[in-house]
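**Student:** okay, sequence plus prediction incoming.
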Amino acid sequence: MDLSIPYQLQNFIGGIWAAPSSDKYLDNINPATGEKWGEIPDSDAADIEAAVVAAKSAFLKWSVTPAEERFTILNRIATLIEENLEALALAETTDNGKPLWLSKRVDIPRASANFRFFATGIMHFSAESHSMEDKAINYTIRQPVGIVGCISPWNLPLYLFTWKIAPALAAGNCVIAKPSEVTPVTAYLLSRICKEAGLPDGVLNIVHGRGETCGEAIVKHPLIKAISFTGSTRAGAHIASVAAPMFKKLSLELGGKNPNIIFADCDWGKMMRTTIQSSFANQGQICLCGSRILVEASVYERFRKEFVEKVKALTVGDPLSDDSRQGALVSQLHFDKVRNSIAKAKEEGGIILCGGNAVKPEGRCRNGFFIEPTVIEGLGCECQTNMEEIFGPVVTLQSFSTEEEALQLANACNYGLSATIWSQDISKANRVGAKVEAGIIWINCWLLRDLRTPFGGIKNSGVGREGGWEALRFFTEARNICVEI
Ligand code: NAD
């Protein structure tokens, strides 16, 4: 199919591509070159209203469409994503600045896997029944919530967008979805794919625009009954304050400041290889990256020397080149924020072991938003650098002497998204794992994902769980029917 990208993107409402009602557009910038490469609708409440009208009318039929039919359509979407991997990956890289090889290998295949997984999941989804011996039988029915809102961030644009949309559609809901205004193009291409796959008009509506206007209109709309949001803790707190008094279902996947706990008895080679990835994959712009590296004191010096050598060897450059391990940061705004965080770390007394500077690659990327991968030591838990999410290629090193101290450092900040633990003593690793305050804990690995497992953070990293049955439960409403026998 033809997935060419128009200079001016359009909203996808009721199966039709339309200009925003305001006729206003935002610039879309390629972060690797700093150049404008298109425009996106600056939508507002009027466009959300139009999307709700379309979704409401589509819901009557979609909510009672047999699961097998929904399965077939979602599977077709998955196949079309796979067949168009090259075009989607190139669009994502141009929007986001991440290396093209990463997009091809991880983001796009995982977006397809999301549709495949939930297409199949809905065929096996069941509800419970509880028998009260010879008195009564209770059975639960699970019905789609209705019209739901899905709002996603820029760091894994298509993957996180589909992570919400796929279970919502599989469960029989109609969706109003808003991708990040910073990375809108793969969501636009998904609208073309959904149309081609035969998804009925109005079942999925994709509206582009800013958070405070378009996103806010989704959260505030009284007919949108559930909000699935992934993004910053700041925006998540605001969304909760608007949606909670309206009694909407809420799933919030928010920021992280994840500890990576390294014990002396780990498999050193594997730990080192994975720690480079878990620190700097996607320029550190993965919510699950380990940004606080905690190393047992007896191996701290060895770790620091080897780690810094390896970080210095990471090539920063054109995301289209297979040799680039690090691409561009997503925007000028984010580039400035990360540079300010590095300056703050220095102010707080941090020692920059490597990196810290902007990079100006030769050629077409000379005006792009590139920063060297940065390693900082000498800062305690209480400083801003170790408390607040930077969401860039910046990690700090701290050392610990005992298991208790490792846990105290790991649990010192207000986030609780994920943690990684490295030790060949499996009892110790499990013991520590059970006490780390995080929703997702990896032992001797990182970013291994089984889509059946509940996914999400605790503390300031969010509420609700996505993934597997949790997502299908979130996008359905349970009703219990009690029958006396
Ligand atoms: P962001 O909060 O600025 O924006 C996320 C999305 O929310 C965007 O689509 C934005 O337009 C929209 N938005 C912003 N304000 C809104 C409002 N008031 N009402 C409705 N919508 C609004 O986050 P970002 O900068 O795009 O993404 C980076 C953040 O996302 C980081 O904090 C990162 O940790 C987090 N993240 C979390 C996960 C997770 O699974 N926990 C995954 C990826 C990213």
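**Tutor:** Perfect, I can see it now. Residues are numbered from 1 along each chain as shown.

**Student:** assumed Glu191 was part of a strand.
**Tutor:** Not Glu; residue 191 is Ser. No - counting by DSSP: H, G, I helix; E, B strand; the rest coil, Ser191 is located in no strand; its state is helix.

**Student:** off-centre distance for stretch 417-425?
**Tutor:** 21 Å (CA atoms, centre = their mean, to the nearest Å).

**Student:** ends of it, how far apart?
**Tutor:** For stretch 417-425, the first-to-last residue distance is 24 Å (CA to CA, to the nearest Å).

**Student:** buried residues, that stretch. List them.
**Tutor:** 417-423 (16 or more other CB atoms under 10 Å). Quick note: C-beta positions are derived from backbone N, CA and C, even for glycine.

**Student:** cool, and stretch 11-22?
**Tutor:** For stretch 11-22, the neighbour count (16+ other CB under 10 Å) marks 11-15, 20-21 as buried.

**Student:** so which of the residues you listed reach the ligand?
**Tutor:** When CB under 6 Å from any ligand atom is applied, no member of those is adjacent to the ligand.

**Student:** in the buried residues of stretch 417-425, find the pair that's most separated.
**Tutor:** Using CB to CB, the buried residues of stretch 417-425 span at most 20.8 Å, a distance reached by Leu417 and Ser423.

**Student:** among the buried residues of stretch 417-425, name the ones in strands.
**Tutor:** Using DSSP state E, 418-422 are the members of those that sit in strands.

**Student:** want to throw the buried residues of stretch 417-425 into JSON lines with distance to Phe125 and pLDDT?
**Tutor:** Shown next, in JSON lines, are the buried residues of stretch 417-425 (distance: CB to CB, whole Å; pLDDT from 0 to 100):
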{"residue": "Leu417", "distance to Phe125": "27", "pLDDT": "98"}
{"residue": "Ser418", "distance to Phe125": "27", "pLDDT": "98"}
{"residue": "Ala419", "distance to Phe125": "30", "pLDDT": "98"}
{"residue": "Thr420", "distance to Phe125": "32", "pLDDT": "98"}
{"residue": "Ile421", "distance to Phe125": "33", "pLDDT": "98"}
{"residue": "Trp422", "distance to Phe125": "37", "pLDDT": "98"}
{"residue": "Ser423", "distance to Phe125": "38", "pLDDT": "98"}
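
**Student:** out of the residues you listed, which comes closest to the ligand?
**Tutor:** Closest approach between the buried residues of stretch 417-425 and the ligand, by CB to the nearest ligand atom: Leu417, at 5.5 Å.

**Student:** separation between the closest residue to that closest one other than its chain neighbours and the ligand?
**Tutor:** Residue nearest to Leu417 in three dimensions, not counting chain neighbours: Gly256, with 3.1 Å by CB to CB, 6 or more residues apart in numbering. With the distance defined as CB to the nearest ligand atom, to the nearest Å, Gly256 ends up 5 Å from the ligand.

**Student:** what's the end-to-end length of stretch 397-405?
**Tutor:** 14 Å.

**Student:** who in the protein is up against the ligand?
**Tutor:** So the chain meets the ligand at 151-155, 160, 178, 180-181, 210-212, 215-216, 219, 230-232, 235, 238-239, 253-256, 287, 389, 391, 417, 457, 461-462 (CB under 6 Å from any ligand atom).

**Student:** out of those residues, which end up buried?
**Tutor:** 151-155, 160, 178, 180-181, 210-211, 215-216, 219, 230-232, 235, 238-239, 253-256, 287, 389, 391, 417, 457, 461-462.

**Student:** what about those, which are in strands?
**Tutor:** Per DSSP E, the subset of these in strands is 151, 178, 230, 253, 462.

**Student:** make CSV from those and add pLDDT and distance to Phe115 to it.
**Tutor:** Conversion of these to CSV gives the following (pLDDT from 0 to 100; distance: CB to CB, whole Å):
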residue, pLDDT, distance to Phe115
Ile151, 98, 19
Lys178, 98, 19
Thr230, 98, 17
Glu253, 97, 19
Gly462, 97, 23
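
**Student:** now, the most widely separated pair of these?
**Tutor:** Largest separation among these by CB to CB: Lys178 and Gly462, giving 18.1 Å.

**Student:** ok, of the ones in strands among the buried ones among the residues of the chain next to the ligand, which one's closest to the ligand?
**Tutor:** Glu253 (3.5 Å).

**Student:** can you pull out the helices in the stretch 1-150 of the chain?
**Tutor:** Under the criterion DSSP state H, counting those that start in this stretch, the stretch 1-150 of the chain contains helices at 45-62, 67-83, 85-96, 100-102, 108-124.
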